[in-house]
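Chemist: When you get a sec, could you give me coordinates for this:
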Amino acid sequence: MISLVDGKLGVNNKPMTDKEQYEAIAKEIHSDTSPVGIDAKKTHILILQKLTQIEERLKK
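Modeler: Sure, this is the predicted structure:
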């Protein structure tokens, strides 16, 4: 699962490099059945989850 680790994206609580981040996100949202190659619903859910996390942090 992709998560935030020390202000960077990470997997299993370990920060990732920019390339690793890109590849992890691409793998997470990839879809063989979509004409554009990504699962739009999953992509939007991930974006909304991250925006909610940001909003909660800004409230503190």
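Chemist: In contact with the closest residue to residue 39 other than its chain neighbours: list those residues for me.
Modeler: Closest residue to residue 39 in three dimensions, ignoring its sequence neighbours and counting by CB to CB, 6 or more residues apart in numbering: residue 31, at 4.0 Å. C-beta coordinates here come from the backbone N, C-alpha and C atoms, glycine included. For residue 31, the contact set (CB atoms under 8 Å, 6 or more residues apart in numbering) comprises 37, 38, 39, 42.
Chemist: in stretch 23-40, what's buried?
Modeler: Residues of stretch 23-40 classed as buried: 24, 25, 29, 39 (neighbour count, 16 or more other CB atoms under 10 Å).
Chemist: Apologies, that question was intended for stretch 10-26.
Modeler: Result for stretch 10-26 [16+ other CB under 10 Å]: buried residues 10, 16, 21, 24, 25.
Chemist: mind checking the end-to-end distance for that stretch?
Modeler: 14 Å (CA to CA, to the nearest Å).
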